[in-house]
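Asks: Below are the sequence and a predicted model for it; my questions follow.
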Amino acid sequence: MTSSTQTQVQPKLIIHGGAGSSLQSKGGLAAVRRSLHNVIEDVYSMLLSGVSASEAVVRGCQLLEDDPRFNAGTGSVLQSDGQIRMSASFMDGTSGKFSGVINVSRVKNPIEMALFLQQSPDRVLSDHGSLELARELQVPSYSALTDLRLKEWIQEREDKFKRTMAGVVAEPETPDPEAGRGTIGVVALDTFGQLAAGTSTGGKGFERIGRVSDSAMPAGNYATRYAAISCTGIGEDIIDECLAAKIAVRVSDGMSLKEAMWRSFTEASKNQRDLGAIALDCTGNISYGKTSEILLAAYHNGQSIGDTLEWNDGELVGIG
């Protein structure tokens, strides 16, 4: 295939900021929509300029990690001991390489470390290894703590940590403890027809020390030459379904993306899982799915920006 042929591909982009059961108010919905659409505008302009899917995914994850509204990077939730531990992974569909960091602390953008590990023989590092990598790369020490997340943790400590997880969307005016499940993700198709996916999270909040989320596993983030997927929701449910890898394998085996998503989410629904996912295939089809009530996702289909924020009609799978 010549480069002139490759550049004929229309780039596509889809991102998410978590999944859950409610948004606090129309004001909250508008703020989340603005945040997601701003990221779409920034990253899609990069794709139009010819950057790779990998570059676009990392840029999108950085922007979402830097937004304290979402539970990844700045604004990450606190674990049961009051510490922030973040996880992120990246997968390049062309090379087929998966890389990630697990329970890393005091860095601004965990996705950058996941990207660096693409070139390492050891491509997934846990807390101590991630700390050593941050030192080697001379990553500046950074506090991802926000006042709202600290207040949330203090209130939960006073209630003896009875809640099972924190909210994904931090709404300063009216915080909602049931707002969702905290993850961000980006999936991109570039002008060369290449796919990549990245996922990042602060965890579910108040969890047992050492718990590992799906975001640093192929269950939650996966890409091949045929499809790329980023998941969100309850990490344990996503791991049990091996959701991202399952969808990707089904597409690679010949299913359409829509059919692979529908079958996978039908199975997840029957198993009473609480999760969501965004996906692209190599021909530019966009799909998203959920068993939760709300999926905080936005996309660019080549003509315009759309989102799923008011997609609340009980359907398992949608097409962008």
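Replies: Received it, and whenever you're ready, just let me know what you need. Keep in mind that this is a model prediction, so the values were computed, not measured.
Asks: Would you map the strands across this structure?
Replies: 12-20, 86-92, 97-104, 124-125, 184-189, 195-201, 221-223, 227-233, 275-281, 286-290, 294-300, 305-307, 317-319 (DSSP state E).
Asks: which parts of the first one are buried?
Replies: When neighbours are counted by 16 or more other Cβ atoms under 10 Å, the buried residues of strand 12-20 are found to be 12, 13, 14, 15, 16, 17, 18, 19, 20. C-beta: built from backbone N, CA, C; applies to glycine.
Asks: so what's the fourth one scoring on pLDDT?
Replies: Okay, so that is residue 15. Predicted confidence (pLDDT) for residue 15: 98.
Asks: Where do the helices of the protein begin and end?
Replies: 3-6, 26-48, 53-66, 110-116, 127-136, 147-158, 235-241, 243-252, 257-270 (DSSP state H).
Asks: name the helices or strands packed onto the second one?
Replies: Counting contacts by 3 or more Cβ pairs under 8 Å, 6 or more residues apart in numbering; DSSP states H and E, the secondary-structure elements packed against helix 26-48 are strand 12-20, helix 53-66, strand 184-189, strand 294-300, strand 305-307.
Asks: so which of the ones you listed is the most packed in?
Replies: A comparison of those by mean neighbour count, using mean count of other Cβ atoms under 10 Å, puts strand 184-189 on top with a mean of 32.
Asks: Of the helices of the chain, which is nearest residue 94?
Replies: helix 53-66 (8.2 Å; Cβ to Cβ).
Asks: In CSV: the strands of the chain, plus distance to residue 45.
Replies: Listed next are the strands of the chain as CSV, based on distance: least, Cβ to Cβ, whole Å:
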stretch, distance to residue 45
strand 12-20, 10
strand 86-92, 21
strand 97-104, 26
strand 124-125, 32
strand 184-189, 12
strand 195-201, 17
strand 221-223, 22
strand 227-233, 20
strand 275-281, 18
strand 286-290, 18
strand 294-300, 10
strand 305-307, 12
strand 317-319, 24
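Asks: Hmm, residue 296 and residue 32 touching each other?
Replies: Yes - with contact defined as Cβ atoms under 8 Å, residue 32 reaches residue 296; the gap is 5.9 Å.
Asks: Low-confidence ranges, this protein, go.
Replies: 1-7, 21-27, 159-181 (pLDDT under 70).
Asks: hang on, the earlier thing: do you know which of the helices and strands packed on helix 26-48 lies nearest residue 223?
Replies: The stretch from the helices and strands packed on helix 26-48 with the least distance to residue 223 (Cβ to Cβ) is strand 184-189; that distance is 7.6 Å.
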